[in-house]
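**Student:** Predicted model, plus sequence, below.
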Amino acid sequence: MAGQYEGMAIGVFELDSECACFVALDAAAKAADVKIQAVERNRLGAGACVKLRGNVSNVKAAMEAALRVAEPISKIVSHTVIAAPLAEAEPAITMTINK
């Protein structure tokens, strides 16, 4: 699985509502050419973390759209864009934790 995202930037955002994550990831996917890598429930219970992959400009555009849509309906717990993830970090990034 890690190989399919090699060389791609990653955008990650975490919201306190899993439902809001789906609304935000829909906006992100419509705003830019990105792949939704994963949606993972977080330890807080109701929230989730979304991982988006693509080139840097598309990931940034997708993240902006996602956060803009999420802000009025959910608390944004955290967000970041990593332009060039280290190859050695990919196994941890691509690991999906199911609860």
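**Tutor:** Happy to help now that I have it.
**Student:** For the chain, which segments count as strands?
**Tutor:** All strands of the chain, identified by DSSP state E, fall at 9-15, 35-41, 48-54, 76-82.
**Student:** Residue 93: which of those is closest?
**Tutor:** Among those, the nearest to residue 93 by Cβ to Cβ is strand 9-15 (6.3 Å). Where C-beta positions appear, they are placed from N, C-alpha and C, glycine not excepted.
**Student:** which helices and strands sit right next to that closest one?
**Tutor:** For strand 9-15, the contact count by 3 or more Cβ pairs under 8 Å, 6 or more residues apart in numbering; DSSP states H and E identifies helix 18-31, strand 48-54, helix 56-70, strand 76-82 as packing neighbours.
**Student:** ok, now with 10 Å
**Tutor:** helix 18-31, strand 35-41, strand 48-54, helix 56-70, strand 76-82, helix 90-94 (3 or more Cβ pairs under 10 Å, 6 or more residues apart in numbering; DSSP states H and E).
**Student:** Pull up the pairing partners for the second one, direction included.
**Tutor:** Strand 35-41 has its sheet partners listed here by DSSP bridges as strand 48-54 (antiparallel).
**Student:** and the angle for the strand it pairs with with helix 56-70?
**Tutor:** If you take axes from the mean of the first three to the mean of the last three Cα atoms, to 10 degrees, strand 48-54 sits at 150 degrees to helix 56-70.
**Student:** With that, I have no additional questions.
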